Each structure stands twice: as structure tokens, then as C-alpha cells.
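[1] For reference, the sequence and a predicted model appear below.
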Amino acid sequence: MAQIRPFKAVHYNKEKVKDISKVVCPPYDVISKEQQLRFHSLSPQNFIHILLGREKPKDDENDNKYTRAKQIYEEWLKTQILVEDQKPCIYYYKQEYKILGQRHSRLGFIALMELEDEEDSRIFPHENTHSHAKEDRFRLWTSVKSNLSPIFVCFSDRDKKVETIFAKYVVNKEPFFNVVDDDGVRHMMWCLDDPGHIRSIQNTLTDQNLFIADGHHRYEVAQQIRKLKTRNKPRTDEPDPYSFVMTYFTNMDSKDLQIFPMHRIIKKMPGSLEFLEEYFRIDKLKSKEDLMILLAKAGKNEYAFGLYSRDGIRLLRLKNKLLIDSFIKEGSSEFKRLDATILKYFVFDKLGIKSEDISYTKDFQEASDMVDNGQADAAFIMNPVKIQQIQAIALNGERMPPKTTYFYPKVLSGLTVYKIE
């Protein structure tokens, strides 16, 4: 059973850093090269200098982005740019944002989650990971001896117990941090140190299955560090600091849990698409707006995706659901019935399109612009995955196809840090 705990977060000292918006940044894995340069130039105290340092031509074993991150982190602690809280807290975290002009807010909290052995674990991932990304985070986290940004986990709270504590005891207080990011998302954070309220939150999550939404590489790195530190060490009743990972928790039952679709962009189409008529009902559409409306409608009862190419805009709907089991031999029923799985087996495999031939974006406009500008031959426009599908895949011990989910908004890096030593 996964245990959660309050902790003494390391965070920016507001007495020394007056404008928090200039020192926070997104998670490392959604930062482009251009954004990396911009955040580096935004402020000498921006968290990017630790989280995603720049490589230099003369880097070696003794001087590289990981050793420089350690030096910067230690210097900021020494000069109190960063400070550690005196009391263990759970950190409520509210994000306010707009999608298509409609207001939303998502509430969560940051705490520690105890790491468990795989055979006993009720923490369920849904994505595969890559060794290069894990090695990068491992080297960074072991260099600074800290979790630099939280993983993102969903729990169930249909009775809104966590939200009720926030509404009764927290929301009327001044937020500790209140910052608006580049996307116009407002991030607000409060410290909760009341032992009774903390116990209530812990009890809400007791005996629950927890689902990793974002941060699979960081989760595996935390497990790797734990195994390394506990090797040849006798078990004790009190877990060590590296037996936990800093985690952002949010309620999967909330209507404001937003999952964006990840559209597939094909720069070079290797063959004709005439064969699609054999498997799909194809409707030619007049506009991108029509596609988004009709795709969402079709996705309620059918397996569907859009095709945007220089030949026009089309809606593709699978003709016969019975074909799924005859075409797709591996995976559970839930895995086979993901739109991304159907697209792979019914379209990409027949065309010989490999995963390295595909690029991804959550932004329909970006996908269509690449086609219109001649940078790509086609874009396949997807519906978002439902949280229930993620749960089912994860509970089956399976992994989603690459780049299937994009949880929005992202949790900022630089608001809280957890020392593991």
C-alpha cells in the first residue's frame, strides 16, 4: 500500500527572489531547445540552470552540466536563494486556466509517496521509458541529491475529501506562491502543516491504486536510486529519505482533469492511402472546425481519427469493429481498442511507417500548419484518451502506445524540491 507523507520542501526565498515568474519553468521533458535558451537568459536564478543545464564543447567528467547543477544548487542554498521549510507540510497546488475561452481549475497537492517493490506495488505506470532519458535524470538527481520536480499521480476522491479540506481550511489564506506562466496558467500554492488535516488526506489515499500520469522516467529513476541505496542494507521500520519520491497528486474523478490528444505528423508518406476505403468510412470535410466537431462526436461511439493532408480534410471511422481482434493479436481488449493502436495496425503498419518516422504535437494548428507549409505530407488528428482507458491499461500491466497522452496543465518546476540526503 502506497504511503504518503508531508515533507520540508526546498523552495525559492521570496525575500530574495521578488518575481517568482522569472525563476520557475516547465518540466524538463516538455522544454524545447528554444525555450531552454530563453529560460536560461530570463534570469540567472531561473530553475532551468539546475534542471536542464546547457552542455559545453569542453565538458568532461569533472566539469559538465551535472557538476555545474550541483554547484549552483549548493550555492543557492548557501546564499539562501533557496530555503528549506521548518515544518513538514503538504503543499496544496491550484491551477487556473482557459481552454477555448472556458475557465477551468485543477486542484492537487504535493507530498512524498513511498516507493514500493514492484510485486507489492499499487502504483501503476502506463508509459514505456527510454534509457537515455533515465540516465540523464539519474545523473542529475544523484549529483544534487534531490528530487527536482514531482511526478504526477492520479487518485480517486469521488467524495471530494481533499477538496473539502482545502475549501474549509486553506483557500482563504494567502497563497505562498502565486504565479502566471507563459501559457496564461495561474499556479497557486499553499502550505498545510496541520497534523489532523494531513492525516485526513493520508487516510483518503490509503489502500488506493495510484496511476502515474506524467513523470515515468523520474519515477523509475527514484526506484533506481532506492535500490542502489538499500542494496546490502538491513531493512528498518523507518524508511530512509530515498524511499520516497516527490509527487503531485490530483483527483482523477474531477471534470477538470484535462488530457489533450497527441496528433501524429508524417513528414513523408511512403505510399498511397487508397487502401483506407477498405477499412474506414471516409467523409470529406470542408474545414478544420468541422473536423474537430465531427471527430469528437464520432469518438463517443466509434473508433475514429482525422486525416489532414494537401488532398483535403477527411474523417476516418472504422467500418467493422470485429476486424480489431483479427488484425491486432497482441494486448488486452482495452489496448487493442485505443485509437492510437488501431491507427498503428490498420494504417501505419500497412504503409511501413515506423515510430521514428512520426512526430507528435498536442496542437492541431501546429499539425495543420506543417502540412500547409510543406513540412509534412499528412497529419492524423486524434481524440483524447479517457482516464478510464489509462486506468484499464495500467491495471493490466500494459503500456500505452508512445506519445498517447498529454496531461494539461503541467506542474511547474522550481516550486518545491525534495532533499533525498
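    That came in fine, so what should we check first?
[2] what's the neighbour count on residue 149?
    Counted with other C-beta atoms under 10 Å, residues neighbouring residue 149 total 28. The C-beta positions use only the backbone N, C-alpha and C, and glycine is treated the same way.
[3] helix, strand or coil for it?
    coil (DSSP: H, G, I helix; E, B strand; the rest coil).
[4] you'd agree it is up against residue 25?
    No - contact criterion C-beta atoms under 8 Å: residue 149 and residue 25 do not qualify, at 9.3 Å.
[5] okay, the nearest residue to residue 201 once chain neighbours are set aside: pLDDT?
    Residue nearest to residue 201 in three dimensions, not counting chain neighbours: residue 162, with 5.7 Å by C-beta to C-beta, 6 or more residues apart in numbering. Turning to residue 162, the model gives it a pLDDT of 97.
[6] Just after the strand or helix carrying residue 162, pick out the following helix or strand.
    In the assignment (DSSP states H and E), residue 162 maps to helix 161-169. For helix 161-169, the following helix or strand on the C-terminal side (DSSP H and E) is strand 177-180.
[7] Show me which residues of that next one are buried.
    For strand 177-180, a neighbour-count test (16 or more other C-beta atoms under 10 Å) marks 177, 179 as buried.
[8] Quick one: list the elements packing against it.
    strand 186-192 (3 or more C-beta pairs under 8 Å, 6 or more residues apart in numbering; DSSP states H and E).
[9] The strand it packs on: partners in the sheet, and parallel or antiparallel?
    In the sheet, strand 186-192 lines up against strand 90-99 (antiparallel), strand 177-180 (antiparallel) (DSSP bridges).
[10] can you map out the helices along the stretch 1-150 of the chain?
    Under the criterion DSSP state H, counting those that start in this stretch, the stretch 1-150 of the chain contains helices at 33-42, 48-51, 65-78, 131-144.
[11] Redo these as TSV? Include mean pLDDT.
    Below are the helices of the stretch 1-150 of the chain laid out as TSV (pLDDT from 0 to 100):
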stretch	mean pLDDT
helix 33-42	96
helix 48-51	98
helix 65-78	98
helix 131-144	95
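[12] returning to that earlier point: between residue 149 and residue 25, what contacts are shared?
    Residues touching both residue 149 and residue 25 (C-beta atoms under 8 Å, 6 or more residues apart in numbering): 51, 413, 414.
[13] Just the buried residues of the residues you listed.
    Here, 16+ other C-beta under 10 Å leaves 51, 413, 414 buried among the shared contacts of residue 149 and residue 25.
[14] of all those residues, which comes closest to residue 183?
    Distance to residue 183, by C-beta to C-beta, is smallest for residue 413 among those, at 14.4 Å.
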